[in-house]
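*Asks:* can't give you the sequence, but here's the structure:
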DNA sequence: ATGAAAGCGCTAACAA
DNA sequence: TTGTTAGCGCTTTCAT
């Protein structure tokens, strides 16, 4: 920078002003500085700038499972929005491991990220401290139980409810669910929506039709096999996320159970390839990109309290609508 | 830091030594410092550290298409390796847009990343400058034509060759290819492998069987429709990447062409769901995680020339083997 | 074994 | 409009 200043025969303050479009610099000097900058191939050092201004213009995102297309799409939405506001993204994957999540958060803080978007893995209250200290943090997809603070989630209760109703309206009565992790809000809410719909239709939730998975492919597969091998198997199965749906479909395929003739499959989470399966999957689509975009917006509103137009309220729970996409994997139950 | 020093009643230099495990500090003082650190919930400021030492311990990765599971898996491999060496990752998506790629690279440099892993979008020679200036840069998956420098790629020629041979051995003679972008090495090489195998078998590459896609789903779909609607359609189709394979499968499904009975499909790139399609897809699997891991290793070897044991040579072209995974989408051609 | 002090490249008062 | 200068929080000689 001093080199640029010297070459342009101005002070470093002037160079700084030019670099940051501060104005108040005569056109002629602006030109001289600009020329010197290209002549020296000068790139302003964001690190030094960050140290001085206390802001890095970097936000951290920690996702529980980068393998999951759902989070990928969220990341995309986030990235788009971040880019537009010239924020960079440090991406971390906790792999559903609370300890790793803590580590990642810690390095993120050390790197002085301006804010964090978090798909939490834990329902611990370790976050409370951060929130109380008003560290810009927004949760996505899942909430620790009893959580208050900024978050963007899908309406999991309504989504599961609508999905179950669809099955019921098709005439199913023997409906099974492969639930997910029940320590986080999303798993809980989806089960709740399911139960609600069943209850409203005066349908029992049989114990053997309720399986508790862990959101991974393998558990969808294993529980799928179990359910389909029951003496009286369900005629419809709701899988509570994309990966478990995948595992379930594998089970269906291996057992050669005709779908949807023999069993209807409905999966939570839509993904790009759901429409390419045969049969094409009926799914509950979450507005993934929108989740990412809104999360970034909420974060931005926390970062610059200047924005008086609270387009995205800074500390609210935003619940986004899901959409039932009816395709080919759901149909009326087989006639007996 | 001064607070910690004060509380522990030592100098900041001592605190620094403790934080960085420098040794040469009496046990008693180490303990005092450690206690003070937790008492004050002190997190060392990496930004300030970076400014001082001139290294950020951050590496940048710019991928051409974050939507593509291939790059995702590469990112995973990279992330794993990076984490183990306590590097963080700034992830950028160029969206196959050379201009955006340049912008992303520029901000990455401003952020003083220690190195960059790049899936380039352009075959421009803009990279030469960087390379000459010995900026730590490693390419993955694709190379600008005529490129020299560090890179990790798959053996695309051999992969496509093996795939095509598989089709030929099955008895196919009317084999079509949906090629990808031909300005980058990967697209070119896959076509070359295909041509080579055809030539060796004295099979013609008919013009109407050679379609030029762009690596996106849509183009796989469109070209798929075209090929399948030909008066004399091919009995086997090789799609040159995962997304085009997906589009192709959609075309196959819509046209209700029995696969593999009527047409065999072979896709470049394996992905987690390839085995869940029906029919299960025969694919050429690239060692995605390995690409990421090796890329990071190569970068590391450039970052610390200390490592005399050149486990990963710093500036070589590493070509990784692909693996043909034969599943259900390829079979002998229909009897006439 | 420990501490004092000089910067890393930048920004933002403040002065001129 | 322009320049001088004091730090931002850390590391690292160099004394002690």
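*Replies:* Received, thanks. These numbers come from a predicted model, not from an experiment.
*Asks:* separation between the closest residue to DNA strand C within the stretch 1-150 of chain A and residue A:29?
*Replies:* Nearest residue of the stretch 1-150 of chain A to DNA strand C (C-beta to the nearest atom of the strand) works out as residue A:1 at 2.5 Å. C-beta here means a position set from N, CA and C on the backbone, and glycine is covered the same way. Residue A:1 sits 15 Å away from residue A:29, going by C-beta to C-beta, to the nearest Å.
*Asks:* for residue A:115, same thing?
*Replies:* 36 Å.
*Asks:* neighbour-wise, which of these two wins?
*Replies:* Using other C-beta atoms under 10 Å in any protein chain shown as the criterion, residue A:115 and residue A:29 rank with residue A:115 on top: 24 against 17.
*Asks:* which residues does the more buried one contact?
*Replies:* Residues in contact with residue A:115, defined by C-beta atoms under 8 Å, 6 or more residues apart in numbering or on different chains, are A:59-60, A:135-138, A:299, A:302-303.
*Asks:* Tell me where chain A has strands.
*Replies:* Using DSSP state E, the strands of chain A run over residues A:58-63, A:88-93, A:115-118, A:137-140, A:151-154, A:175-179, A:210-212, A:236-239, A:264-268, A:282-285, A:317-320, A:323-325.
*Asks:* I'd like the ones you listed laid out as TSV, including mean pLDDT.
*Replies:* Putting those into TSV (pLDDT from 0 to 100) gives the following:
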stretch	mean pLDDT
strand A:58-63	96
strand A:88-93	94
strand A:115-118	96
strand A:137-140	95
strand A:151-154	97
strand A:175-179	98
strand A:210-212	98
strand A:236-239	98
strand A:264-268	97
strand A:282-285	98
strand A:317-320	96
strand A:323-325	98
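*Asks:* any idea which of these is most buried?
*Replies:* Comparing these by mean neighbour count (mean count of other C-beta atoms under 10 Å in any protein chain shown), strand A:236-239 comes out on top with a mean of 31.
*Asks:* hmm, that one touching chain B?
*Replies:* No. On the criterion C-beta under 8 Å from any C-beta of the partner chain, strand A:236-239 is out of touch with chain B, staying 13.0 Å away.
*Asks:* Stretch A:319-331 now?
*Replies:* No. Under the criterion of C-beta under 8 Å from any C-beta, stretch A:319-331 makes no contact with chain B; the nearest approach is 10.4 Å.
*Asks:* Please work out which residue of the stretch 151-300 of chain A is closest to chain B.
*Replies:* residue A:278 (4.9 Å; C-beta to the nearest C-beta).
*Asks:* what about that residue, how many neighbours?
*Replies:* Using other C-beta under 10 Å: residue A:278 sits among 16 other residues.
*Asks:* residues in the stretch 1-150 of chain A within reach of DNA strand C, list them.
*Replies:* Taking C-beta under 7 Å from any atom of the strand, the part of the stretch 1-150 of chain A that reaches DNA strand C is made up of A:1-2, A:12-13, A:16, A:19-20, A:42, A:44-45, A:48-49, A:51-53.
*Asks:* hmm, which of those residues are the buried ones?
*Replies:* Neighbour counting by 16 or more other C-beta atoms under 10 Å in any protein chain shown classes A:16, A:19, A:42, A:45, A:49, A:51 among these as buried.
*Asks:* Spit out the contact partners of the closest residue to residue A:167 other than its chain neighbours.
*Replies:* Excluding the flanking residues, the one nearest residue A:167 by C-beta to C-beta, 6 or more residues apart in numbering or on different chains is residue A:236, at 4.6 Å. By C-beta under 8 Å, 6+ apart, residue A:236 lies in contact with A:167, A:170, A:172, A:174-176, A:263-266, A:330, A:333.
*Asks:* Looking at the residues you listed, which is nearest DNA strand C?
*Replies:* For the contacts of residue A:236, the nearest to DNA strand C is residue A:266 (53.5 Å; C-beta to the nearest atom of the strand).
*Asks:* hang on, the earlier thing: which pLDDT does the model give the residue of the stretch 1-150 of chain A closest to DNA strand C?
*Replies:* pLDDT for residue A:1: 89.
*Asks:* residues in contact with it?
*Replies:* A:12, A:15-16, A:42, A:44-45.
*Asks:* And it, how far from DNA strand D?
*Replies:* Between residue A:1 and DNA strand D the computed distance is 10 Å (C-beta to the nearest atom of the strand, to the nearest Å).
*Asks:* for the closest residue to residue A:252 other than its chain neighbours, what are its contacts?
*Replies:* Once flanking residues are discounted, residue A:252 sits nearest to residue A:259: 5.3 Å by C-beta to C-beta, 6+ apart. If you count contacts by C-beta under 8 Å, 6+ apart, residue A:259 has them with A:249, A:252, A:265, A:279, A:329.
*Asks:* pLDDT score for residue A:305?
*Replies:* 68.
*Asks:* can you list the weak-confidence ranges in chain A?
*Replies:* A:125, A:305-313 (pLDDT under 70).
*Asks:* domain parsing for it?
*Replies:* A:2-44, A:56-154+A:287-320, A:156-285 (automatic domain parsing).
*Asks:* wait, which of the ones you listed is closest to residue B:123?
*Replies:* Proximity to residue B:123 (C-beta to C-beta) singles out domain A:2-44 among these, at 22.9 Å.
*Asks:* For residue A:267, list each beta-bridge partner.
*Replies:* residue A:239, residue A:283 (DSSP bridges).
*Asks:* Residue A:240 and residue A:172, how far apart?
*Replies:* Relative to residue A:172, and taking C-beta to C-beta, residue A:240 is found at 17 Å.
*Asks:* These two: which is more packed in?
*Replies:* Between residue A:240 and residue A:172, counted using other C-beta under 10 Å, residue A:240 has the larger neighbour count: 32 against 24.
*Asks:* Check the gap between the residue lying closest to that one once chain neighbours are set aside and residue B:281 for me.
*Replies:* Using C-beta to C-beta, 6+ apart and skipping the chain neighbours, the partner closest in space to residue A:240 is residue A:180 (4.4 Å). With the distance defined as C-beta to C-beta, residue A:180 ends up 27 Å from residue B:281.
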